[in-house]
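> got a sequence here, can you build the structure:
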Amino acid sequence: MEKTKEVLTHELIAAKPIKLKNILWTTDFSPASEASLPHAIALARRYESKIYLAHVIVPQPYPMVSPEAVPYLEDLRRGSSNRLNALAESDRLQGIPHEVLLARGEVAEDLNAMVREHQIDLLVLATHGRRGLRRLLLGSVAEEVWRTAECPVLTVGPHTLARHEEDIVLRQILYPTDLSAESFAAAPFALSFALEYESRLTVLHVVPATIRTSARLLARAFRDELHEIFPVETVPWCEPECVVESGEPAETILRIAKERRADLIVLGVRSPEALARQHLSNVAYPVVAGADCPVLTVRVGS
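Coordinates of the predicted model:
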């Protein structure tokens, strides 16, 4: 028998508190990647996790059958290995179990292989936040990773303030949802982080501006639906504040995050195939690229 939306979403939300036993941090050695490391370290210390420091070598197009390619690839491998080992031996990771991983090929594919092999619970990476024509030409490696990753992904965008790991706390968490099964996949993580950090949790639903309905009626219906599907046992320790806004989803999410000084945005995301099949606009990318705080993306089944 096919499960109803209410049963499916309740099962997703009623998950146990998350455990981050293994964290995978990936770097391309850019300043943006460097800025994401404190977030991985802060979580590792909080959850007593092991960190895997990873780099995927993506060589420029080169005739791999050519003898000239061999020293070129070896130089890339040696240089990348030296930089990873230097990070691993630094004082920043003192007291945290850690290991270096190096691969060569396609970033998303190799990272997913690492996730499977090392039973990764969370992948942490940075995005350069490219927009417009540059993004269309170059694509977004970060987006390919979070839409295909077999675990949740914490992305640190270019507008996130640089912080030391000891200063990273989650006081305000924003969880936007369109009430789909995909968006509810992220709910256990929003709730679990709120419990772990004793955070204030805002649940946001954005209604397209073209829908002419009373904001008060929408807010009441939204709260009623959340109370139906959120497990009762969450209420004593975390009563989410439900907010309904009208407007363009990505812009509204970013505005509310800024107004509430969110320390984390938690998003449920669709796979590339589902996004294309359902002819939906891409909300996650502009949110990740424009947010002042890290964004945790979660896919159904990840």
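
> please state the offset of stretch 256-269 from the chain centre?
For stretch 256-269, the distance between its averaged C-alpha position and the chain's averaged C-alpha position is 12 Å (Cα atoms, centre = their mean, to the nearest Å).

> which positions in that stretch come out as buried?
256-257, 260, 262-269 (16 or more other Cβ atoms under 10 Å). Where C-beta positions appear, they are placed from N, C-alpha and C, glycine not excepted.

> so for that stretch, first residue to last residue, what's the gap.
Taking Cα to Cα, to the nearest Å, stretch 256-269 runs 19 Å from one end to the other.

> helix or strand with the lowest mean pLDDT in this protein?
The helix or strand of the chain with the lowest confidence, counting by mean pLDDT, DSSP states H and E, is helix 132-138 at a mean of 40.

> tell me the mean pLDDT over the helix or strand just after it?
Reading on from helix 132-138 to the C-terminus, the next helix or strand found by DSSP states H and E is helix 141-148. Taken as a whole, helix 141-148 carries a mean pLDDT of 86.

> how about stretch 27-43?
The predicted model assigns stretch 27-43 a mean pLDDT of 91.

> flag every buried residue along that stretch.
Judged by neighbour count (16+ other Cβ under 10 Å), stretch 27-43 contains these buried residues: 27-28, 32-33, 35-43.

> how far away from the center of its chain is that stretch?
In terms of Cα atoms, centre = their mean, the gap separating the centre of stretch 27-43 from the centre of its chain is 14 Å.

> now swap in stretch 290-302 and tell me
Stretch 290-302 has its average C-alpha position 3 Å from the chain's average C-alpha position, going by Cα atoms, centre = their mean.

> kindly report the same for stretch 183-202.
Averaging C-alpha coordinates over stretch 183-202 and over its chain gives two centres that are 13 Å apart (Cα atoms, centre = their mean).

> name the residues of it that are buried.
Neighbour counts over stretch 183-202 (16+ other Cβ under 10 Å) mark 183-194, 197, 199-202 as buried.

> now the end-to-end length of that stretch.
With Cα to Cα as the measure, stretch 183-202 spans 14 Å from end to end.

> could you chop this protein up by domain?
Per automatic domain parsing, the domain ranges recorded for the chain read 5-16+163-299, 22-156.

> how distant is stretch 39-52 from the center of its chain?
A distance of 15 Å separates the centroid of the chain from that of stretch 39-52, by Cα atoms, centre = their mean.

> residues in contact with residue 45?
Applying Cβ atoms under 8 Å, 6 or more residues apart in numbering, one finds that residue 45 lies in contact with 95-96, 165.

> what segments of the stretch 151-300 of the chain are strands?
When assigned using DSSP state E, counting those that start in this stretch, the strands of the stretch 151-300 of the chain occupy the ranges 153-156, 172-176, 200-207, 241-246, 264-269, 295-299.
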